[in-house]
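Q: Provided below are the primary sequence and the corresponding predicted coordinates.
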Amino acid sequence: MTKINLAEKFSQFEDHWSPRIAGELNGQHVKLVKFSGEFVWHHYEHEDELFLVVDGAFRMDYRDADGQEQSIPLAVGEFLIVPRGVEHRPVAEAEVSLLLFEPAGTLNTGTATASEFTVASPYRI
C-alpha cells in the first residue's frame, strides 16, 4: 500500500490536458490532470467518467438528449459523473486541477481520437 499526496503529485507537472495515472484499482485508473481553456467535444460509448475538482473551478458543457447545450459549474470539492454516451467538454477560464476516475485504457478524448488533445498512453506518477 502506498499513500498518495495530491499536492505533491500535482507539483510534478505543469502541462494542461495531459492526464497522469496516480493509481489503479479494480480495473479503474485514478488520474490527475490540469487544464485551462476549452477541451474538444467528445463522448464515450462504454465508459462513465468522474471529475473531482481539487483546485480551481470549471464548467462542464454537455449536450442533452435533445442536442441542446447545457452547462454545469463545478468548484473545489465538487464532482460530476458524466454518463457514457453523453457528449461533453470541460471548459476552464483559469487553471483547474482535477482527479479523474475512469476505466483503465479510457482514451482522454473518447470518440474524438484525431484531436490534438489525445493522450494515448498517460504517464504514471
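A: Great, that's in hand.

Q: all helices for the protein, in order.
A: 6-10 (DSSP state H).

Q: so what's the residue most central in space within it up against?
A: The centroid of the chain falls nearest to Leu100 when counting by C-alpha atoms, centre = their mean (5.0 Å). By C-beta atoms under 8 Å, 6 or more residues apart in numbering, the contact list for Leu100 reads 19, 29-33, 49-52. Yep, even glycine has a C-beta here, placed from its N, CA and C like the rest.

Q: Now do the strands in this structure.
A: Taking DSSP state E, the strands of the chain run over residues 20-25, 28-38, 49-55, 57-63, 69-75, 79-82, 88-103, 123-124.

Q: As CSV, could you dump the C-alpha coordinates of the third one?
A: Spelled out, it's strand 49-55. In CSV, the C-alpha atoms belonging to strand 49-55 read as follows (Å, rounded to 0.1, in the frame of the first residue of the first chain):
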residue,chain,number,x,y,z
GLU,A,49,-16.2,9.3,-16.2
LEU,A,50,-15.9,11.1,-12.8
PHE,A,51,-14.4,14.6,-12.5
LEU,A,52,-13.5,15.8,-8.9
VAL,A,53,-12.2,19.4,-8.6
VAL,A,54,-9.1,19.5,-6.3
ASP,A,55,-8.2,23.2,-7.1
